[in-house]
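Peer 1: starting from these lines, generate the structure:
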Amino acid sequence: WDTKLDELALEKPQHRRLVSEAALCGTLLTEAWFVVVGLVIDDAPQFKVFGFLHGLCWVHGERKIDRLIPLTTRHRNARELAQQTFWDLYDRLKAYRQAPTPEARASIESDFDALCNRKTGYPDLNAALERLHAKREGFLAALSHPHLPLHNNLSENDIREYARLRKISAGTRSDQGRRCRDTFLSLKKTCRKLGVSFWSYLGDRIHGTGTIGRLSELMRSSAAQGVTPASPCPS
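Peer 2: Predicted structure coming up:
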């Protein structure tokens, strides 16, 4: 590939990177398995990757309602009713993913629209519901693609240690330090999910005893047996 880039007279690193990424993306789009790969996000723009099916996380979506601070009993009751309706729809969507039917889909779509278009007498809540409705396609993506999860809690849990370290230490002092931190945190998380002691894994690699297999092999074995980490569900 480097030879091909040289033939195209691409010398600047940014040009070589852009062409390489375009070639990779173009190749992926020709793969049948890539068509159904989904990405459930919290609507952050950096995760809106071209070529993926996109769904929105219901846990993050509900925060638009939960963060409201009602000042009257009427407003508080309106917010609680909206939250209850929101999570009722979430439960119905979970059931739909197990047994999709046209009738259930139409009912969920209709009730989601009714929730978001409701005039509650609480302007801030109305605005929050309107923002949810503007992202309707993302929140209801599982209706067309039932294999998509409804939240990204697993990803959030995986990144939580990174965020905690960043808050404590305000980041690393060099790019090499960042790579070191990310590599070891990733190894630890992978060991945990595979049921391998991270301390034993480090000792095995440092001493070269080879009693613990390569993590990539353990991952393939785990996937072949259908073992997946438990998916935490919102309360």
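Peer 1: quick check, I108 in contact with F139.
Peer 2: No. I108 is beyond contact range of F139, at 10.2 Å (criterion: C-beta atoms under 8 Å). Any C-beta I mention is one placed from the backbone N, CA and C, and that applies to glycine too.
Peer 1: quick check: beta-bridge partners of the residue nearest to G138 when sequence neighbours are not counted?
Peer 2: Excluding its sequence neighbours, the residue lying closest to G138 (C-beta to C-beta, 6 or more residues apart in numbering) is L56, at 3.4 Å. Beta bridges link L56 to I41 when assigned by DSSP bridges.
Peer 1: what's the spacing between the residue of the chain positioned farthest from its centre and L148?
Peer 2: Going by C-alpha atoms, centre = their mean, the residue of the chain most distant from its centre is E7, 39.0 Å out. Noted for E7: a distance of 41 Å to L148, by C-beta to C-beta, to the nearest Å.
Peer 1: after the lowest-mean-pLDDT helix or strand in the chain, heading C-terminal, what element do we hit next?
Peer 2: In the chain, the helix or strand scored least confidently by mean pLDDT, DSSP states H and E is helix 153-169, which has a mean of 79. Using DSSP states H and E, the helix or strand that follows helix 153-169 in sequence is helix 175-194.
Peer 1: may I see the buried residues of stretch 33-50?
Peer 2: Using 16 or more other C-beta atoms under 10 Å as the test for burial, stretch 33-50 gives 39-41.
Peer 1: hmm, I65 is touching A82, no?
Peer 2: Yes. If you go by C-beta under 8 Å, I65 and A82 touch, sitting 5.5 Å apart.
Peer 1: so between these two, which is more surrounded?
Peer 2: In terms of neighbours (other C-beta atoms under 10 Å), A82 is the more surrounded of I65 and A82; the figures are 25 against 20.
Peer 1: how about the CA coordinates for the strand or helix carrying H54, as CSV?
Peer 2: Element membership for H54, per DSSP H and E: strand 53-56. Coordinates of the C-alpha atoms in strand 53-56 are reproduced here as CSV (Å, rounded to 0.1, in the frame of the first residue of the first chain):
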residue,chain,number,x,y,z
LEU,A,53,-26.3,1.8,11.2
HIS,A,54,-26.8,4.3,14.0
GLY,A,55,-29.0,4.1,17.1
LEU,A,56,-29.3,6.4,20.0
